[in-house]
Structure formats: structure tokens, C-alpha cells
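S.K.: after the sequence you'll find the predicted model.
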Amino acid sequence: MDKEIRWDDYKIALAVAESQSLSRAGKRLGINHSTVLRSVGRLEKALNVSLFIRHQRGYQLTDAGQMMLKRMRSIAGDMQRLTNTLATLDATPSGTLRISTVTDFSPFFAPLLHRFRVACPDVRVQILATDELVSLAHDDVHVAIRIGEQPQEPDLIARPLMAVSLECYASIEYVKQYGVLESVSDVNRHQWILPTGHKTQIPAIKNIIEQIDDANVVFQSNSFNDIESAIRAGMGIGPLSRMVSQQSNVQLVDVFSLNLNYEQLQRVSLPIASPVSQVWFVYHKDLKKSSRVHALLNFLMSQIDGSSPSVNNIE
């Protein structure tokens, strides 16, 4: 067996095994298709064993490939945790900070990140906007911004970032045509615009969905921007999300929208409980001493509660 086996070849083979595709593995790793193919071939030649069976449907694992996948996942996790630990020894915030956020959060989040970069110019920010729960165990991202119930995974640290309330609105033209909503029994006389996917698990959204017949839901999207557009177009009643300020002198801020003009909208008072949802700043316990992670956490907290930023306060 060739002793010159490269660690990168194992990493690339692991990506192919998990995605079952050369192109998807290349996209995930930021390399091209031919580089992935050469790396897999080089590793198989060095090991003198086939790891994959090539099908039109993709790359299927041989028995050796299955063993490689099982062992490499734990090894890759250990290596990444070692990398994270070594990277946090320097107390100066620097390097790449990968953050997953709820989709549609960018209009609120991007201006904050710009100010964070002014305070910490050596930190580079990468955003993954998704409603899916992204793993923090394998360093896919360093920080996750999540909304809903507090994460309970034992290896995760979750800090409350801010509270978000959902208020329902309709266009003035819709109200002229269909009237106002007056009672729970009245909800199915109206047309509704609602989120899909993980946003349906937001407590206030769940409470609304439980009261509405499917036939009365006329428009759905996983994007609050789409929902706002449909509300403004007069399609029905739908929720818009706003940050709940803890300070009486701070005006409410739209979290999922850059359009602050409510002139053509009318708030709909729902006879349905609308609990406030919490936004969480979540990171893995292995990064509890990370200067980048805590710089971002402290900065966001200072911006949201109005205090002076302290980007180097490591908890």
C-alpha cells in the first residue's frame, strides 16, 4: 500500500460518501468536479480497494466505503474540534465566522453584521440562510441564529438574543372587501396567507394554523418577504414579524422586512393567543472560548439592547 496517503483525499472521499455525488461534494468543498474525481481515484489506488460503485444515480458505497464513512465521520469530527480549540487560543477576533440564520432575517441582520465588521475588521463573515437546523457539531457553521424553543442538545450553548412577536395584517383593500375579523368563529370567513416549513413550528403560527381550515389558506411560502408581498397585494390576512423591545424608548423594529411603510396595511386583532417567540444565539461548547463567537454575541447584544458594544468580553 502506498504510504503517501493524503488527509485531504480522505476528506474529499467522505464528502462524496455523504453526498453520493462528485458534483455535490465539490460544491460543498469549494473544488471542481475533476479535482474530486482525481482525489477519489488516488485514494482508492493508494489503498488498493474500491470505495465506491459508480452508478447513473450517483456514487454508491462498497463495504470498504461503508467502513470508511463510519470511521471517517468520527475522525473528521475529532480533527475539526482540535482545529477549533487551537483556533481559539488567540484572543483577537479574526478569521472566518460561519453563521446560519433563519431565512428572511438578512434585512435585519446584514446591517448589524456591517457594524460588527467595522468593529472587528479581521473577521470574515459567511452566511447560510436556511430554516433547517444546521449541525454545529461538525463545524458546518460556528453560530446558528434560531427562533422558537430553546435548543436542548447537550453540547450546545444557547443565549437569548431577542424576542419576536407576530402580528397579523391585511391590506386596506382586503378589509374593504371582506371586513374585519371579530371572533374565533369568524376566522374561516377570511382568506389566509401563512408560512410553510419550520416556520409553522413558531408558537404563534401554530396557534393560527390550528384554527383555520386548509381551504381558506390561499397562499403559502417559506419566505416572510413573499408573505408580506401577498398581504400588500390584498390576497388575505397574514403574519408579519417584529422585534419586541425591552426598552420603552426604543421603537419596534421589523425583523423580516426592510419595508417599514404600514400606511396601506391594517393590523388585524386576532382572537387567538399569539405568544412571543425567542431568537437564540447558539454555538457548540467547543467554541465557548472562541474570540470570534463571543465578539459577535457581545456585539449583537449591545446593539439590540442599546448598550455600548464590547467585542472582546469573553465569557
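M.R.: Perfect, thanks for sending it.
S.K.: which positions in stretch 63-70 come out as buried?
M.R.: 65, 68, 69 (16 or more other Cβ atoms under 10 Å). In short, each C-beta sits where N, CA and C put it, glycine included.
S.K.: out of the residues you listed, list just those in helices.
M.R.: Judged by DSSP state H, the buried residues of stretch 63-70 include 65, 68, 69 as members of helices.
S.K.: please convert the residues you listed to CSV, extending it with distance to residue 163.
M.R.: Below are these laid out as CSV (distance: Cβ to Cβ, whole Å):
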residue, distance to residue 163
65, 47
68, 46
69, 42
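S.K.: just curious, which of the residues you listed is nearest to residue 241?
M.R.: Taking Cβ to Cβ as the measure, residue 241 lies nearest residue 69 of these, at 40.1 Å.
S.K.: so what's that closest one up against?
M.R.: Listed by Cβ atoms under 8 Å, 6 or more residues apart in numbering, the contact partners of residue 69 are 14, 17, 18, 61.
S.K.: again, 7 Å this time
M.R.: By Cβ atoms under 7 Å, 6 or more residues apart in numbering, the contact list for residue 69 reads 14, 17, 61.
S.K.: just those residues now: which is nearest residue 189?
M.R.: residue 17 (53.8 Å).
S.K.: count the neighbours of that closest one for me.
M.R.: Using other Cβ atoms under 10 Å, residue 17 has 22 neighbouring residues.
S.K.: could you do residue 186 as well?
M.R.: Neighbours of residue 186 under the rule other Cβ under 10 Å: 12.
S.K.: if you skip the residues just before and after it, what's nearest to residue 103?
M.R.: residue 129 (4.9 Å; Cβ to Cβ, 6 or more residues apart in numbering).
S.K.: which strands or helices does the helix or strand harbouring residue 8 pack on?
M.R.: Residue 8 is part of helix 7-19 when elements are defined by DSSP states H and E. Applying 3 or more Cβ pairs under 7 Å, 6 or more residues apart in numbering; DSSP states H and E, one finds that helix 7-19 contacts helix 22-29, helix 33-47, helix 63-87.
S.K.: partners of the helix or strand just after the second one in the sheet?
M.R.: Beyond helix 33-47 in the direction of the C-terminus, DSSP H and E gives the next helix or strand as strand 52-55. In its sheet, strand 52-55 lies beside strand 58-61 (antiparallel), with partners assigned from DSSP bridges.
S.K.: got the CA positions of the strand it pairs with in PDB?
M.R.: Extracted C-alpha coordinates of strand 58-61, given in PDB (Å, rounded to 0.1, in the frame of the first residue of the first chain):
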ATOM      1  CA  GLY A  58     -24.600   8.500  -8.200                       C
ATOM      2  CA  TYR A  59     -21.800   7.100  -6.200                       C
ATOM      3  CA  GLN A  60     -22.800   4.100  -4.000                       C
ATOM      4  CA  LEU A  61     -20.600   2.700  -1.200                       C
END
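S.K.: any buried residues in it, and which?
M.R.: Residues 59, 61 are the ones in strand 58-61 that count as buried (16+ other Cβ under 10 Å).
S.K.: how near is the residue nearest to residue 49 when sequence neighbours are not counted to residue 299?
M.R.: Counting by Cβ to Cβ, 6+ apart, residue 49 lies nearest to residue 64, which is 4.8 Å off, once chain neighbours are set aside. Distance of residue 64 to residue 299, computed by Cβ to Cβ, to the nearest Å: 48 Å.
S.K.: ok, now residue 79?
M.R.: 30 Å.
S.K.: who does the longest strand anywhere in the chain touch, helix- and strand-wise?
M.R.: If you go by DSSP state E, the chain has its longest strand at strand 156-171. Contacts defined by 3+ Cβ pairs under 7 Å, 6+ apart place strand 156-171 against helix 224-232, strand 238-244, strand 265-268, strand 277-284, helix 291-305.
S.K.: which secondary element of this protein has the worst mean pLDDT?
M.R.: Across the helices and strands of the chain, mean confidence by mean pLDDT, DSSP states H and E is lowest for strand 253-254: a mean of 46.
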